[in-house]
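Engineer: need a 3D model of the following:
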Amino acid sequence: MSKIKKTQFDISELIENGEILNELDLERAMIAERKLRVLAKENPKFKSARKKLRDLIEQYESKNWSADSNITDKKIQES
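Structural biologist: All right, here's what the predicted structure looks like:
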């Protein structure tokens, strides 16, 4: 039996890790945050997850895309 490659993005796993590590995860986190915004209007339990995800996005962007960070051609190509 072959192993099935996991392709689905796990929001809770990202929040537990407490860090976004690359541009792909950043894009996924941003999409998930937008979806959580809609869900949070209907169900308040999603507000906490959305806030945590938004905080992780802001941390990653501050670390990697602020005026003080070293923005390389590789980073631009990744994004």
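
Engineer: SS state for the spatially most central residue of the chain?
Structural biologist: The centre of the chain sits closest to A29, judged by C-alpha atoms, centre = their mean, with a distance of 2.5 Å. The three-state label given to A29 by DSSP: H, G, I helix; E, B strand; the rest coil is helix.

Engineer: what pLDDT does it get?
Structural biologist: You'll see A29 listed with a pLDDT of 94.

Engineer: do E19 as well
Structural biologist: On the pLDDT scale, E19 is placed at 93.

Engineer: could you give the number of residues near it?
Structural biologist: Counted with other C-beta atoms under 10 Å, residues neighbouring E19 total 11. Yep, even glycine has a C-beta here, placed from its N, CA and C like the rest.

Engineer: now it, nearest residue through space, not along the chain?
Structural biologist: Distances taken as C-beta to C-beta, 6 or more residues apart in numbering place L56 nearest to E19, at 6.8 Å, with adjacent residues excluded.

Engineer: what comes up buried for the helix or strand hosting the one you found?
Structural biologist: Element membership of L56, judged by DSSP states H and E, is helix 45-65. Within helix 45-65, the residues scored as buried using 16 or more other C-beta atoms under 10 Å are 46, 49-50, 52-53, 56-57, 60, 64.

Engineer: pLDDT and distance to N17 added to those residues, as TSV?
Structural biologist: Putting the buried residues of helix 45-65 into TSV (pLDDT from 0 to 100; distance: C-beta to C-beta, whole Å) gives the following:
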residue	pLDDT	distance to N17
F46	90	19
A49	91	14
R50	94	17
K52	94	11
L53	94	12
L56	96	9
I57	96	13
Y60	94	12
N64	86	16
